[in-house]
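# Dropping a prediction and its sequence here:
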Amino acid sequence: MWEGQNGSEMRSCGGGIQSNPQMEAKPDDDALLSDFLSSLIDYTPTIPDELTEYYLGRSGFQCPDLTVTRLVSVATQKFIGEIASDALQLCKLKQSAPTKDKRDKQIKDKRFVLTTEDLSVALREYGVNIKRNEYFVDNPTAGLTPVAKDKIDD
C-alpha cells in the first residue's frame, strides 16, 4: 500500500494496481466539514459547555479546544432528541390503539405524557437499560424522620 500521484491510496491487488475511491477525499467534503466546524464556534448548544466539559473530564478526556466540546454537545443533543422522539412515537401508538372501555373513547385529550415505560423502551433500542425503582410503603409515615412522624400524629 502506498500513496499515488493524486494523493489517493493505492493498493496492489492481484498483480495490478488499483485506486481506492473510498479513501480519496473530495474537496467538497473537506470544505463542508471545515465550514461546519467553524460554525460551531458561533453556535450555542442546548447543553452548556461547562456541563459537557464536566462529564468529559469525569470520563478522563481533557481537550482545551472549544470546537470539540461543542461537537460533543451537539451529538449529545441529537442523541437525546432521537430518544425523546422515539418515546413520543411509542406514546402516540399506545393512545391510538383501540380501547375496550367506552369511557376512554369519549376523552379526546391530545396531551402526551412521557412515561418511564415509554422512555425505557426507547432507550432499550439504543442499548441503554433502565429499571424503575420499586417503592413499598407500609404506612403513610414510612420514610419520614421521627420529628415529621410526631407532627403527623398530633
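Everything's here; your move. Numbering: from 1, shown residues only.
# Look at the residue lying closest to Tyr126 once chain neighbours are set aside and tell me its secondary structure.
Spatial nearest neighbour of Tyr126, excluding adjacent residues (CB to CB, 6 or more residues apart in numbering): Ile83 at 6.5 Å. For the C-beta atoms, the positions are set from N, CA and C on the backbone; glycine is no exception. Using DSSP: H, G, I helix; E, B strand; the rest coil as the criterion, the local structure at Ile83 reads helix.
# My read is that Ile83 contacts Leu119, right?
Yes. If you go by CB atoms under 8 Å, Ile83 and Leu119 touch, sitting 7.5 Å apart.
# residue ranges of the strands in the chain, please?
Taking DSSP state E as the test, the strands found in the chain are 2-3, 9-13, 16-19.
# Going along the chain, name the helices of this protein.
Here the chain has its helices, by DSSP state H, at 27-42, 49-58, 66-96, 102-106, 116-125, 146-153.
# and of those helices, who's closest to Lys131?
Set against Lys131 and scored by CB to CB, these come closest in helix 116-125, at 7.8 Å.
# buried ones in that closest one?
By neighbour count on 16 or more other CB atoms under 10 Å, the buried set for helix 116-125 is Asp118, Leu119, Ser120, Ala122.
# Please convert those to TSV, extending it with pLDDT and distance to Phe79.
Shown next, in TSV, are the buried residues of helix 116-125 (pLDDT from 0 to 100; distance: CB to CB, whole Å):
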residue	pLDDT	distance to Phe79
Asp118	87	17
Leu119	89	14
Ser120	89	16
Ala122	91	11
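# Okay, now the unreliable bits of this structure?
Scanning the chain for pLDDT under 70 picks out 1-27, 98-109, 132-154.
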